[in-house]
Each structure stands twice: as structure tokens, then as C-alpha cells.
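**Q** below is the sequence, then the predicted model.
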Amino acid sequence: MDTTPFHPGEQQIQARAGEEHIARRNGQLIANRIPNGALKFVEKQPFVVAASLDSQQAMWVSLLAGQSGFLKAESPEVVQLNTDYLLSAKDDRFWANVSYHPVAGLLFIELSSRKRLKVNGRVTVSPNETSLTIRVQEAFPLCPRYIQRREVDVTTLAQPTDQVSLIGSQLTPELHDWIAGADTFFVGSAHDDDHLDVSHRGGKPGFVQVLDSQTLLIPDYNGNGMFNSMGNFSVNPRAGLLFVNFETGDSLQLTGHADVQFTESAADDPTGGTGRYWQFHLHNWARQSSLSGLNWTFLEYSPFNI
């Protein structure tokens with residue numbers, strides 16, 4: 001009987017990387033419920049990163065923030081998002097997306113301690129649309145590597161107003177510089193429409209290469225061996241990226257597709273010796289001042305940065 005928690009795309013990448021044994025070990029952490037000890041961790045976070053699909057099946061990643069009471073994990077099987085406490089833009093496309101396609105991938109990440117927890121599941125919107133319930137399909141903790149430490153404080157308790165989004169299909173010089181200087185971003189992917197995932201990516205500023213106005217090149221460093229994102233890309237190339245300007249509170253959402261690349265590895269290459277990359281091909285972007293109610297303080301870079 002096959003009891004692996006990994007789909008064929010993940011297994012293919014794990015085998016190609018020679019990391020099946022690492023995936024097998026870490027896969028034991030994947031459960032259909034949140035660990036009891038992590039319930040309070042979920043509730044104390046001021047934000048969650050979320051992946052969703054729009055009506056055209058394009059992948060988007062959002063950072064949703066709120067004051068105390070926004071996130072609730074009253075049982076290991078259910079997470080709730082209460083929009084009465086929302087501080088990020090209430091017209092973020094996530095809210096419309098889950099009304100159309102009620103599935104989400106969530107990442108609870110505490111940058112100051114480098115702790116993170118994935119929770120993926122199906123979404124139910126309350127009749128008065130003031131809360132979402134995510135019924136957990138998968139939950140598991142992740143390693144702290146490549147996370148830059150930042151403190152985040154909620155600086156306003158005011159309800160957000162709708163913020164105008166700028167949109168486009170090619171990166172402007174300003175957006176090029178933003179991405180080229182980033183030390184952190186988030187990536188959404190899915191192996192099918194019912195199983196969405198969102199992951200963190202971090203490195204030294206410049207670790208994301210902007211090849212042209214529609215193409216990014218991202219190194220794949222050593223990690224937990226599960227290859228959730230690259231495994232998803234191998235069977236379903238749709239991808240969403242989120243960059244946050246931690247100085248201004250602006251968010252930059254990119255949607256497109258990705259392909260996986262294996263090259264000859266070298267200890268001094270940008271991948272840190274894995275030889276693995278993935279290329280992101282931009283279809284559309286959206287920029288919004290969605291996180292003005294938060295203040296981020298940089299503490300230190302990850303000692304694992306390459």
C-alpha cells in the first residue's frame with residue numbers, strides 16, 4: 001500500500017535530486033491537522049501568506065494582515081480568518097478568488113523567530129462574508145533556513161480603505177530594481193486545482209535574477225527535500241509570486257508559469273551546488289499599497305544565505 005504524502009511530480013523531482021530519503025523522513029511531519037502545540041502560534045501571527053486561483057485559474061499570492069482576532073485556530077482541523085479585524089487591503093484579489101474557487105494554501109511565518117507552518121485546505125465563506133473557514137487538508141512545519149529576521153508591528157487599528165492597484169504585463173524599470181534587490185519573496189503553486197501551496201524563498205539581495213521584463217531566474221537551494229514547489233511545477237506550471245516592500249508596505253503580485261531546470265552543479269554556482277533553478281515567466285502583475293498598517297524592522301540576514 002502506497003502511503004507517501006507526495007504526488008508523482010514531487011516524487012519525480014525528489015528522485016532526480018537524489019533526496020528521496022530526506023523527503024521520506026520529513027514527509028512524516030505532514031498531517032491532516034495542525035499540531036496542538038502550533039494552535040497558539042497561528043493565532044498570535046499578525047499576518048498569513050495565502051495562495052489562491054482566480055476565475056482564469058491564474059495563481060496569485062497575497063499577504064493578509066490583521067489585528068488581534070484576525071486569525072483563529074480553535075481546533076487542529078479548522079483555521080478562521082475574521083475580516084472584521086482585517087488591516088491589509090480589503091480588495092486584495094484573494095477574497096474574490098476564494099469566493100470563486102474555495103481552496104487556499106496558507107503559510108504562517110514568524111520572521112523574527114524563523115518559525116513557519118504550512119496549512120492547505122478548502123475554504124468556506126460565511127453567509128455574511130465576515131469570515132473564512134479553512135478546513136485543513138495538510139499541515140506541517142518547515143525548517144528556518146534562508147529566512148531574514150524581521151520584527152513586525154501593527155501600527156494602526158484603522159480599517160483599510162480600497163487601494164488602487166497598478167497592473168501590467170511587463171516589469172517596469174522600478175519593478176525590475178525592486179525584485180533584483182529583494183531578499184525575500186513567496187511562491188504559490190499547485191499540482192491540481194484542489195491542492196494549493198505557498199512557500200517562502202529567501203537569500204541575499206540579488207538572489208533573484210531578472211533576465212528580462214517577463215522572465216526571472218531563481219536558484220533552488222538545499223532544503224527539506226520535499227520539493228513542493230518544483231514538484232508542482234513539474235506537473236502544473238502555473239505559478240504566483242509575491243514581493244513585499246518592507247519599507248513602504250507595498251505588495252507586488254506576479255502571476256505566470258514556471259519551469260524547472262537541472263544543470264551541472266558547482267560549489268560556487270548561485271545555487272550553492274545543487275545545480276537546480278526554476279524560471280518564472282510573467283503573464284501579469286499587480287502592485288498595491290496593501291500593508292501600510294504594518295511596520296517591519298530588519299534584524300539580520302539568515303546565516304544560511306548563499
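**A** Received the coordinates, thanks.
**Q** and the helix or strand harbouring Asn26, what other elements does it pack with?
**A** Using DSSP states H and E, Asn26 maps to helix 20-26. When contacts are defined as 3 or more Cβ pairs under 8 Å, 6 or more residues apart in numbering; DSSP states H and E, helix 20-26 sits against helix 8-17. Every C-beta, even on glycine, is put in place using the N, C-alpha and C of the backbone.
**Q** the helix it packs on - contacts with which helices or strands?
**A** helix 20-26, helix 228-235.
**Q** which other residues reach stretch 189-197?
**A** Applying Cβ atoms under 8 Å, 6 or more residues apart in numbering, the contact partners of stretch 189-197 are 7, 9-10, 51-53, 57, 59, 101, 103-105, 118, 120, 122, 137-138, 188, 198-199, 228-229, 231-233, 235-236, 238-240, 258.
**Q** that older thread, pick the most buried one from the helices and strands packed on helix 8-17.
**A** helix 228-235 (a mean of 25; mean count of other Cβ atoms under 10 Å).
**Q** and the angle from that helix to helix 8-17?
**A** 110 degrees (axes from the mean of the first three to the mean of the last three Cα atoms, to 10 degrees).
**Q** tell me how far stretch 194-209 is from the chain's mean position?
**A** 7 Å (Cα atoms, centre = their mean, to the nearest Å).
**Q** mind listing what's buried along the next helix or strand after the helix holding Asn26?
**A** Scanning forward in sequence from helix 20-26 by DSSP H and E, the next helix or strand is helix 39-43. Using 16 or more other Cβ atoms under 10 Å as the test for burial, helix 39-43 gives 39, 41-43.
**Q** and helix 39-43, what does it pack against?
**A** Right, helix 39-43 is packed against strand 71-75, strand 103-110, strand 115-125 by 3+ Cβ pairs under 8 Å, 6+ apart.
**Q** ok, the shortest one: who's next to it in the sheet?
**A** Okay, so that is strand 71-75. strand 78-82 (antiparallel) (DSSP bridges).
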